[in-house]
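Peer 1: Got a sequence here, can you build the structure:
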Amino acid sequence: MSLNSWSKRWLLTTLGLLIIIVLSILALSMMLLQDRNSGVSNLSLNQVRLKVNPILLALEQNHQHLNEQNIREVIRSTARETGVLLTYLNLDGKVILSSAPTSEGTQANLRKALHYDLHHATQAADGNDLLDIAFPVMDGPTGSQIGNAIFSIPQAMVTVQQSMTFPVILISALLLLSLILSLFLFWMKRKLDKHLLSPIHQLKQHAESMLKGNYEEKIQYNRNDELLEVYAMFDLMRTEIKHMSEQRIQQEQAQKELITNISHDIKTPITTIKVYIEAIEEGLCNDQETLMEYMGVMRTHTDKTARLVEDLLVHALQELGQISVETRELYSGPILETMLKPIEHVVLTKGLIYKGPNYIPNVLIAIDPTRIEQVISNLAANALKHTAPGDTIRIDMELESEHLNVTIADSGQGIRVQDMPFVFQRYFRGQASHAEQRVQEGTGLGLSICQSIIEAHGGHISFTSKEGQGTTFRFYLPIC
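Peer 2: Down below sits the predicted model:
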């Protein structure tokens, strides 16, 4: 279920519950109003007692003198002023005194006439407006009952109307609270749509745009909340994907250029070798010296082709993460001395000054001789590419902190500052300067291959350079 559908269902469910609450409140209000309009109210016995207390007191104080006419009139007068009708019975049910003198002397049915509580009095009234409530009349000195006083009192005089203030306030508060809660729910739904669902939908649109290859559109979010971090990370991801896409395009272009360059570089020596073979076949080599000269040229071009193929193979292994380095524990002296002899010959042949190491440390190291020779040859070839006749190429070796340090330095053109961060990247060949157009020769794989080989040996390679003053490469191999 989508977040939008969930929020709508949640809102509708909550609103349904609120409607039920509001309807219940309205039903309760109607019931209270009906009870009030129907006259149902609470009768108060205390109200009755307050009304009849003066009459009861007069009866108790004058019960022995009730045969006197003036006493009887005073009590009747007190009853009239109070607004009630009095009937005083003795214990056998005979009417002694009454607000209606004609009923005096009659005999009353005590079982039916006496109602000491309002509930029975209300039932006996049977809809009549007058309630007949009985109170015992006591003899003060002896504390014994001497009679019963029946008072006929209008219900309005003893009715306590139920207050509607609190129920009305409570119902109003509940209705207001329900209204506020409803408004709050709609506000929350609007806020959820605006500040959560809408930004998520916007992120979805950006993601779809990125899937189509459009990485240029920046993601904007102006609120400072949790989604700002999500947008920031998403935009960072967009920038990174854009950068990776650009790198992929550049890499594909570089690979195409690499194939083109290697094809050209391989074609040239093969063509040369083919020409010299045809010359030998046609008998143009009349003496041994000329034949050997031809063989030397063919060997040089064959070695160049072999190096190009080897670089291409190592590059392919780099791509697969399977560069082949098979180390063996060997002594460094004889191996490195053998590697340096061909380099010295090539350097001197090019008209440069060669300075070899004064001493080659003879220590036990874990080394793949073929690969390390490839590193030294690539670094030397790189030095030759950046130097001119009369420049110097220097190779030093020394022990340093349980490492064998190999240094290959030249006094050539150096590396431009803007090119230094990319020296060890594959396909990078630098920019040709006016003074040295040979900078761009090669495949751009040599230094990357050197780095991979040295790191596979557990070592490290680095360089220092200053434009116009030469370059120094150093690599470290751990000793056993």
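
Peer 1: only C-alpha atoms for contact and neighbour calcs from this point on.
Peer 2: Fine.

Peer 1: In contact with S98, which residues?
Peer 2: Neighbour list for S98: 76, 85-88, 104 [criterion: Cα atoms under 8 Å, 6 or more residues apart in numbering].

Peer 1: Okay, and which of these map to strands?
Peer 2: Cross-referencing the contacts of S98 against strands under DSSP state E gives 85-88.

Peer 1: rewinding a little: ok, of the contacts of S98, which come out buried?
Peer 2: Among those, those classed as buried by 16 or more other Cα atoms under 10 Å are 76, 85-88, 104.

Peer 1: What is the neighbour count of the closest residue to N362 other than its chain neighbours?
Peer 2: Spatial nearest neighbour of N362, chain neighbours left out: G333 (4.3 Å); criterion: Cα to Cα, 6 or more residues apart in numbering. For G333, the number of neighbouring residues by other Cα atoms under 10 Å comes to 14.

Peer 1: And G333, how far from P342?
Peer 2: Plainly put, G333 is 16 Å away from P342 if you go by Cα to Cα, to the nearest Å.

Peer 1: quick revisit: distance to S245 and pLDDT for the contacts of S98 - can I get that in JSON lines?
Peer 2: Below are the contacts of S98 laid out as JSON lines (distance: Cα to Cα, whole Å; pLDDT from 0 to 100):
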{"residue": "R76", "distance to S245": "115", "pLDDT": "89"}
{"residue": "L85", "distance to S245": "108", "pLDDT": "90"}
{"residue": "L86", "distance to S245": "110", "pLDDT": "91"}
{"residue": "T87", "distance to S245": "112", "pLDDT": "92"}
{"residue": "Y88", "distance to S245": "114", "pLDDT": "91"}
{"residue": "E104", "distance to S245": "120", "pLDDT": "86"}
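
Peer 1: just these now: which is nearest Q64?
Peer 2: The nearest member of the contacts of S98 to Q64, counting by Cα to Cα, is Y88 at 13.2 Å.

Peer 1: What residues are bridge-paired with the closest one?
Peer 2: Beta-bridge pairing for Y88 (DSSP bridges): L97, A149.

Peer 1: any chance you could map the strands in the stretch 51-200 of the chain?
Peer 2: In the stretch 51-200 of the chain, the segments counted as strands under DSSP state E, counting those that start in this stretch are 85-90, 95-98, 130-138, 145-154, 159-160.

Peer 1: nearest spatial neighbour of L348, skipping sequence neighbours?
Peer 2: That would be Y354: by Cα to Cα, 6+ apart, it lies 6.6 Å from L348.

Peer 1: Run a quick neighbour tally on that neighbour.
Peer 2: Residues within reach of Y354, counting by other Cα under 10 Å, total 19.

Peer 1: helix, strand or coil for it?
Peer 2: The local conformation at Y354, judged by DSSP: H, G, I helix; E, B strand; the rest coil, is strand.

Peer 1: what residues does stretch 366-375 touch?
Peer 2: 325-330, 335, 339, 449-450, 453-454, 457, 478-480.

Peer 1: Strands of the stretch 351-480 of the chain, start to end?
Peer 2: Under DSSP E, counting those that start in this stretch, the stretch 351-480 of the chain gives strands at 353-355, 364-367, 392-400, 403-410, 460-466, 470-478.

Peer 1: any chance of these in a markdown table, with mean pLDDT and distance to Q205 too?
Peer 2: A markdown table is the format used below for the strands of the stretch 351-480 of the chain (pLDDT from 0 to 100; distance: least, Cα to Cα, whole Å):
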| stretch | mean pLDDT | distance to Q205 |
| --- | --- | --- |
| strand 353-355 | 94 | 64 |
| strand 364-367 | 94 | 55 |
| strand 392-400 | 93 | 58 |
| strand 403-410 | 95 | 55 |
| strand 460-466 | 94 | 46 |
| strand 470-478 | 95 | 50 |
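
Peer 1: I'd like to know how many residues surround the residue nearest to I335 when sequence neighbours are not counted.
Peer 2: Ranked by Cα to Cα, 6+ apart and with sequence neighbours excluded, the top spatial neighbour of I335 is P369, at 7.2 Å. P369 is flanked by 18 other residues according to other Cα under 10 Å.

Peer 1: do the same with the one 10 residues further on
Peer 2: Applying other Cα under 10 Å, we find 21 residues neighbouring L379.

Peer 1: Tell me if I'm right that it and I408 touch.
Peer 2: Yes. Using Cα atoms under 8 Å, L379 is in contact with I408, at 7.0 Å.

Peer 1: before we move on, back to that, dump the buried ones among the contacts of S98 to CSV, plus distance to P54.
Peer 2: Listed next are those as CSV, based on distance: Cα to Cα, whole Å:
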residue, distance to P54
R76, 12
L85, 13
L86, 12
T87, 15
Y88, 14
E104, 21
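
Peer 1: thinking again about what came up before, Throw the ones in strands among the contacts of S98 into TSV and include distance to A108, thanks.
Peer 2: TSV is the format used below for the ones in strands among the contacts of S98 (distance: Cα to Cα, whole Å):
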residue	distance to A108
L85	16
L86	14
T87	10
Y88	10
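
Peer 1: out of those residues, who's nearest Y359?
Peer 2: L85 (143.1 Å).

Peer 1: and Q155, how far is that from C450?
Peer 2: Distance of Q155 to C450, given as Cα to Cα: 115 Å.

Peer 1: give me every residue that touches the residue at the greatest distance from the centre of the chain.
Peer 2: Checked against the mean C-alpha position of the chain, the extreme residue using Cα atoms, centre = their mean is E68, at a distance of 100.4 Å. Contact analysis of E68 by Cα under 8 Å, 6+ apart lists nothing.

Peer 1: Next one: it relative to I75, how far apart?
Peer 2: Going from E68 to I75 by Cα to Cα gives 11 Å.

Peer 1: cool, and A409?
Peer 2: 140 Å.

Peer 1: For the helix or strand hosting Q47, report the contacting residues that lie outside it.
Peer 2: Assigned by DSSP states H and E, Q47 falls within helix 45-62. With contact meaning Cα under 8 Å, 6+ apart, helix 45-62 is reached by 71, 75, 78-79, 82, 117-118, 137-140, 149, 151, 153, 157-158.

Peer 1: Closest to S99 out of those residues?
Peer 2: Within the contacts of helix 45-62, proximity to S99 (Cα to Cα) peaks at A79, which comes in at 7.6 Å.

Peer 1: where does the closest one land on pLDDT?
Peer 2: pLDDT, A79: 89.

Peer 1: you'd agree it is up against T87?
Peer 2: No. Between A79 and T87 there is no contact under Cα under 8 Å: 10.1 Å.

Peer 1: Overlap of the contact sets of these two?
Peer 2: With Cα under 8 Å, 6+ apart as the test, A79 and T87 both reach S99.

Peer 1: ok, H115 - contacts?
Peer 2: 121, 132-134.

Peer 1: If we use 6 Å, what do you get?
Peer 2: By Cα atoms under 6 Å, 6 or more residues apart in numbering, the residues touching H115 are 121, 133-134.

Peer 1: for H460, same thing?
Peer 2: By Cα under 6 Å, 6+ apart, H460 lies in contact with 454, 475-476.
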